[in-house]
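# Have a look; sequence and predicted model below, questions after that.
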There are 2 protein chains.
Amino acid sequence: MTDDTRSVIERHWSTANDRDWDAFAALLEPDLLYEVPQTRERIRGADGYLDFFRTWPGDWRVRILRLVCEPGAAACLIDFTDGGGTMTGMSFFRLSARTRIAQVTDYWPEPYEPPPRASRFVERI
Amino acid sequence: MTDDTRSVIERHWSTANDRDWDAFAALLEPDLLYEVPQTRERIRGADGYLDFFRTWPGDWRVRILRLVCEPGAAACLIDFTDGGGTMTGMSFFRLSARTRIAQVTDYWPEPYEPPPRASRFVERI
């Protein structure tokens, strides 16, 4: 079932990249909950989640950098690239018993200048 | 081995919360690599990683919110709380064949105001 989870998450991004919305929608539970804690945004339902992707402007593309899966849950690190550049995103997924996506929680960390560090072992690269 | 991975990551945070640095150090590979892509910071070696934790100021405490594990890899969502408040952090871990922590990559996403969304399904909470 871990392999099933991995396959569903990989297909989530590959069908999105291909704009294959029928195949994308087939991976989702109807009552999917999508949340972005940083912005306090939420979408309730697979129809809205699909619309959010379909209407996202520009010629964007996602590349999976890391994908950790266990039965019913996954965490994925992605690069999201469009005309404006590349952002790093992270998504936690929960899957239903029939291995459809039931919950997605996104994070979009941005570059920042680090504060002074107490440890002398921290290098800047 | 997924259970081993989970146990190591849980102990990573519990020994850090307890300031039990001997037990914390026992979970680490000597050549551990720690990276913070947002700040372009890096620590090479378990000694430096331990020092980074030991010298972190204040009365801080970590709480695991989500932990996804597979053999040799994990992704963890945490709350980090100190006198200044609570931050959300995310760490991707890689473990060695003997199930010690070999690589840690941290992300610290911050709240932001969302841009206008093309989809009408996005709610604010």
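Ah, there it is.
# center of chain A - which residue?
With distances taken as Cα atoms, centre = their mean, chain A has A:Ser91 as the residue nearest its mean C-alpha position (3.8 Å).
# Tell me the pLDDT of it.
In this model, A:Ser91 is scored at 98, pLDDT.
# cool, and A:Asp3?
Reported pLDDT for A:Asp3: 72.
# Find the helix or strand that it is a member of.
helix A:2-17 (DSSP states H and E).
# can you tell me the helix or strand for A:Phe92?
If you go by DSSP H and E, A:Phe92 is part of strand A:85-95.
# Summarise which helices and strands that strand is packed against.
Judged by 3 or more Cβ pairs under 8 Å, 6 or more residues apart in numbering or on different chains; DSSP states H and E, strand A:85-95 is in contact with helix A:2-17, strand A:73-82, strand A:101-107. Quick note: C-beta positions are derived from backbone N, CA and C, even for glycine.
# Using JSON lines, lay out those together with mean neighbour count and distance to B:Leu95.
Below are the helices and strands packed on strand A:85-95 laid out as JSON lines (neighbours: other Cβ atoms under 10 Å in any protein chain shown; distance: least, Cβ to Cβ, whole Å):
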{"stretch": "helix A:2-17", "mean neighbour count": "17", "distance to B:Leu95": "16"}
{"stretch": "strand A:73-82", "mean neighbour count": "20", "distance to B:Leu95": "15"}
{"stretch": "strand A:101-107", "mean neighbour count": "20", "distance to B:Leu95": "23"}
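# now those as a markdown table including distance to B:Glu113?
Conversion of those to a markdown table gives the following (distance: least, Cβ to Cβ, whole Å):
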| stretch | distance to B:Glu113 |
| --- | --- |
| helix A:2-17 | 25 |
| strand A:73-82 | 19 |
| strand A:101-107 | 16 |
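# Please render the ones you listed as JSON lines that adds distance to chain B to the earlier fields.
Shown next, in JSON lines, are those (distance: least, Cβ to the nearest Cβ, whole Å):
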{"stretch": "helix A:2-17", "distance to chain B": "6"}
{"stretch": "strand A:73-82", "distance to chain B": "3"}
{"stretch": "strand A:101-107", "distance to chain B": "4"}
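# Those: lowest mean pLDDT?
For the helices and strands packed on strand A:85-95, mean pLDDT drops lowest on helix A:2-17, to a mean of 94.
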